[in-house]
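J.: here you go, sequence then predicted model.
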Amino acid sequence: MDEARTEHEVHQEHQKLARALADQYSRTHIQDHNEGVPDGAFDLLMECAQALMAYEQNMPARLAEPQRLRSQRVIFWSWRIQSGVAIALIIVFRLLGYSDGWYALVVPHLVGTLCGWRLDATVKNHLARRNASIALHAVGALLVLIVLGVLSPWFIVAFLIGWAVVGTAVADGQEAGK
């Protein structure tokens, strides 16, 4: 698919192919004079039918393409932004001489988000991965609030649960994409 097409355009193309098949059937039916259909007319009828069937097989993917592209952008930027957040926290820690062991949370967050850079959205998995990428922002916000002391260290449990949810959603998207 070279470009994302609107749902209306996909349905118009489908109707065009269906009309071409119906027109060819009408021409073939008129040519039938009790001795059978001429080979050329029958071949054209079969070509029209095969073109329509091939288009119908790819129709779900064509209809999902605009949403998949939107999901791809969300996935692309979410993981990179969260990597930037982790890098910014590490820089702040180094500049302020502030640690208290928070590197144990920030570095794995950075590594996890860097691994997420390779995620791709397919027709089957784009929604699961988009939702995981959006949830990643909540996990990142929670990380920032914990390490800056706004939230109690007890919220580390929520942070870990958040990463488990994101990881599960990405893994479910991986299964759906195969």
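T.: Now that the structure is in, tell me what you want to look at. Residues are numbered from 1 along each chain as shown.
J.: state the next helix or strand along the chain beyond the longest helix along the chain.
T.: Within the chain, and with DSSP state H defining each element, the longest helix by residue count is helix 39-96. Scanning forward in sequence from helix 39-96 by DSSP states H and E, the next helix or strand is helix 103-115.
J.: just want the angle from that following helix to helix 39-96.
T.: Interaxial angle, helix 103-115 versus helix 39-96 (axes from the mean of the first three to the mean of the last three Cα atoms, to 10 degrees): 160 degrees.
J.: next one: L21 from L63, what distance?
T.: The gap separating L21 from L63 is 20 Å, by Cβ to Cβ, to the nearest Å. (C-beta placed from N, C-alpha, C; glycine too.)
J.: R129 now?
T.: Using Cβ to Cβ, one obtains 19 Å as the distance from R129 to L63.
J.: more neighbours: these two, which one.
T.: In this view R129 and L63 are compared by other Cβ atoms under 10 Å, and R129 has more residues nearby, 27 against 15.
J.: what's the pLDDT at the more buried one?
T.: pLDDT recorded at R129 is 91.
J.: what sits against it?
T.: Residues in contact with R129, defined by Cβ atoms under 8 Å, 6 or more residues apart in numbering, are S71, I75, L119, A121, A169, V170, G173.
J.: wait, the third one sits on V74?
T.: This means L119. No - look at L119 against V74 with Cβ atoms under 8 Å: they stay out of range, at 10.5 Å.
J.: now the common contact residues for the two.
T.: Taking Cβ under 8 Å, 6+ apart as the criterion, L119 and V74 both touch S133.
J.: can you get me a residue count around the nearest residue to L142 once chain neighbours are set aside?
T.: Distances taken as Cβ to Cβ, 6 or more residues apart in numbering put F159 closest to L142, at 5.0 Å, once the chain neighbours are dropped. Residue crowding around F159 was assessed by other Cβ under 10 Å; the count is 21.
J.: ok, now how distant is F159 from L151?
T.: Counting by Cβ to Cβ, the separation of F159 from L151 is 9 Å.
J.: which neighbours do these two have in common?
T.: Between them, F159 and L151 share these contacting residues under Cβ under 8 Å, 6+ apart: L142.
J.: sorry, back to before: list the contacts for the residue nearest to L142?
T.: Taking Cβ under 8 Å, 6+ apart as the criterion, F159 is in contact with L105, V139, L142, L143, I146.
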